[in-house]
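Participant: structure for this input, please:
(2 chains, ligands or ions: 2)
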Amino acid sequence: MAKTKTNTEDYLRMYRQMVRIRTFEDNANQLYLSAKMPGLTHMYSGEEAVAVGICEALKFTDKITSTHRGHGHCVAKGAEFKEMFCELLGKEEGYCRGKGGSMHIADQSNGNLGANAIVGGSMGIATGSAFTAKMLGKDDVTVCFFGDGATAQGLMYEVMNMAALWNLPVIYACENNGYSEYTKTEEIAAGSITARAEAFGIEAHQVDGQDVLAVNALTQKLVERARKGEGPFFLELMTYRYHGHHVGDINREYYRSKDEEKDWKENRDPIIRFRTWLVSEGVATEDEIEAMNAEIKKDAEAAVDYALNAKYPDVSEVDMHVFTDIKHALA
Amino acid sequence: MREITLSQAVNEALAEEMRRDERVFIIGEDVAEAGTPFKVLSGLVEEFGTGRVVDTPIAEPGFMGIAVGAAMTGTRPVVDLMFGDFIYLIMDQLCNQAAKTHYMSGGKLNVPLVLRTNLGATRRSAAQHSQSLHALVAHIPGLKVAMPSSAYEAKGLMKTAIRDDNPVVIFEDKLMYQDKAPVPEEEYLIPFGKANVKREGSDITLIATSSMVQVAEKAAEILAQDGIEAEVIDPRTIVPLDEETLLKSVRKTSRAIVIDEGHQSYGITGEIAARLNEKAFYHLDAPVLRMGAMDVPVPFSPALEDVTVPTPDGVAENARRLMSGEMIHAA
Ligand SMILES: Cc1ncc(C[n+]2csc(CCOP(=O)(O)OP(=O)(O)O)c2C)c(N)n1
Ligand SMILES: [Mg+2]
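Facilitator: Residues are numbered from 1 along each chain as shown, chains lettered A, B, ... in the order given. Ligands and ions are numbered 1, 2, ... in the order given. Below is the predicted model of the structure:
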């Protein structure tokens, strides 16, 4: 693995954030299986190194846009378990006061401009955020997360063209997990994905999305350059989702083999790989790592308990937030 | 008579029409092996092959445009739009192209295309996967719009739609896919523009579309206990609209409530109410009431979502007030 940071604290925080994402998802899946969560949700498990490697290269003031598979981005950009589980369960204390749910979960105060249930729907938003940075002379960088499936959306090509023409500080981060819903990427994407960005003169890189240090090292460099006006950039992060497309997608052998899933989980897991590296480099001992895992597990369980017992929003909130200046739209 | 689900009914309609006419094909995301996320199309690719059950990338404007061009040149596409909410993405192809081609060509070109999609809230899917957007397309001259209220309608209307030489949009209620209804084994078609009187009554007319027909029928049962006899009418298609049947009923009952799951403002309910006011004014003893979905984006939290849609109790309550001579408005 590539070495980028020398700071022990940074390494441990990256590890912690990856485990927090995995732990969040394990609990969310459990909430679904025990019929305690309304609706469906898309698990980020397996892709942790992407969100964490990238978000750890960002400042608090930098922006991201997220997707339907957005819990990982949300955690990585600094969100807390309690407000996240509350949102997942539609409770008042959720980040979106229960109005968004899993597909729109975001800690807005950390620069997360929202998770989007429209595939590719955030590409304009991310590029517009970069436009703001340039126009107002701020050095914020925006990262646009999207899946391989979203590369089929026309909007992407319209905004990449403008981002390139105007040197906008945006990084398009394509999480290529090999599938969009129940279809393999090669069946929906002609030619090369990075070449599409290159056609606009955008510097594009393919990177191992299961290697958090590699993702982080590359992103740090690109963020730095984007801040100086050298953007936009394009990343294709090769990764894998462990669960089905959503939690209800259980019998999936018709489109994805168990052997393939096993291979990714056993041989390329981003958390196991990083943990092994941390121990072998002497950054942490096995005991320290186990203690951290246990603490995160406890945190998550406490947050789940809290959220299960938390209040639903009062029904009078239903017509709040339709407009900024009209408190109750239907009053 | 045998009972089948709405999902099976749609599947049968498509299979029968594809057997009858080899120009009919299906195009959309995950329609083949996956049979759509709702599994409505399961088995069709096995019978008709991937040449006629065509999986696409996540490129709605693209495959909609291809379908329009294909329809103009000798095929009969059935476009599968996974969620009705994605209709915004294809608006240009649907409304500027498909809807106007016959007219702009002075009747020389046809677009015999079916767009099958869905509507309906209360699935806990939040604001971008829960909308009922049929009013948007019903507003555009050149598009026919069908709204099946049970498996029986779903099959008969789909077959008629496929044989129609105009672009037709069919909205299925995604909460009704597993609902069963009697459906004959023998072939049948349901004509467009012919409303169905589901229940006869002399006191008040309840006009309802799609799943709101069930709501109206339940309201009628509640009202019957109070000695109020409600007539329930399902227009089946909102374009064309069977004004005659609606007017005949209202001239008899002198009162009407129109119930639909689209947002109440500027929607189907307002259109139907206006026509009744214009054409049956002297027969009315009370204003025609509109009951639509609340004018808010659909919230995720169950505590909020459930109050946004019309309910049997709500309809019954409004009916009682109308009967007692109160001049109310529903909003
Ligand atoms: C515009 C639009 N089309 C279709 C969908 C339905 N849908 C939700 S997720 C998804 C697959 C997305 O694949 P990808 O972009 O690779 O992301 P992944 O789920 O693999 O993370 C589809 C087709 C949608 N939400 N929005
Ligand atoms: Mg994908």
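Participant: up against chain A, what does the stretch 151-300 of chain B have?
Facilitator: Contact residues (CB under 8 Å from any CB of the partner chain) of the stretch 151-300 of chain B with chain A: B:Met294, B:Asp295, B:Val296, B:Pro297, B:Pro299, B:Phe300. Heads up, the C-betas are built off the backbone N, CA and C, glycines and all.
Participant: give me the number of residues near B:Gly51?
Facilitator: Residues near B:Gly51, counting by other CB atoms under 10 Å in any protein chain shown, number 8.
Participant: host element of B:Thr117?
Facilitator: Using DSSP states H and E, B:Thr117 sits in strand B:114-119.
Participant: pull that strand out as CSV, backbone CA atoms only.
Facilitator: This file holds the C-alpha atoms of strand B:114-119, laid out as CSV (Å, rounded to 0.1, in the frame of the first residue of the first chain):
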residue,chain,number,x,y,z
VAL,B,114,-46.8,3.2,-24.4
LEU,B,115,-45.0,4.6,-21.4
ARG,B,116,-45.7,2.4,-18.4
THR,B,117,-44.7,3.9,-15.1
ASN,B,118,-46.1,4.2,-11.6
LEU,B,119,-47.4,6.5,-8.9
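Participant: so what strands line up beside it?
Facilitator: Strand pairing for strand B:114-119, determined by DSSP bridges: strand B:76-80 (parallel), strand B:168-173 (parallel).
Participant: and among the ones you listed, the most buried is which?
Facilitator: Stretch with highest mean neighbour count among these: strand B:168-173 (a mean of 28; mean count of other CB atoms under 10 Å in any protein chain shown).
Participant: quick check: mean pLDDT of the helix or strand following it?
Facilitator: For strand B:168-173, the following helix or strand on the C-terminal side (DSSP H and E) is strand B:180-182. Strand B:180-182 comes out with an average pLDDT of 98.
Participant: elements contacting strand B:180-182?
Facilitator: On a contact count with 3 or more CB pairs under 8 Å, 6 or more residues apart in numbering or on different chains; DSSP states H and E, strand B:180-182 meets strand B:3-5, helix B:151-163.
Participant: those: which one's closest to B:Asp234?
Facilitator: B:Asp234 lies closest to helix B:151-163 among these, at 7.5 Å (CB to CB).
Participant: now for the closest one, which elements pack on it?
Facilitator: strand B:3-5, helix B:6-20, strand B:114-119, strand B:144-146, strand B:168-173, strand B:180-182.
Participant: count of neighbours near the spatially closest residue to A:Met238 that is not a sequence neighbour?
Facilitator: Closest residue in space to A:Met238, ignoring its immediate chain neighbours: A:Gly209 at 5.0 Å, by CB to CB, 6 or more residues apart in numbering or on different chains. Counted with other CB under 10 Å, residues neighbouring A:Gly209 total 29.
Participant: ditto for B:Ser265
Facilitator: Neighbours around B:Ser265, by other CB under 10 Å: 15.
Participant: which bits of the stretch 51-200 of chain A sit near chain B?
Facilitator: The stretch 51-200 of chain A has residues A:90-91, A:96, A:98-104, A:116-121, A:149-150, A:152-154, A:180-183, A:187-189 near chain B, with proximity defined as CB under 8 Å from any CB.
Participant: so who does B:Ser211 touch?
Facilitator: Neighbour list for B:Ser211: B:Gly120, B:Ser149, B:Asp173, B:Leu175, B:Met176, B:Glu261 [criterion: CB atoms under 8 Å, 6 or more residues apart in numbering or on different chains].
Participant: the residue lying closest to the fourth one once chain neighbours are set aside - how many residues pack around it?
Facilitator: Beyond its immediate neighbours in the sequence, the residue positioned closest to B:Leu175 (CB to CB, 6+ apart) is B:Gly120, lying 5.0 Å away. Neighbouring residues of B:Gly120 were enumerated by other CB under 10 Å; the total is 25.
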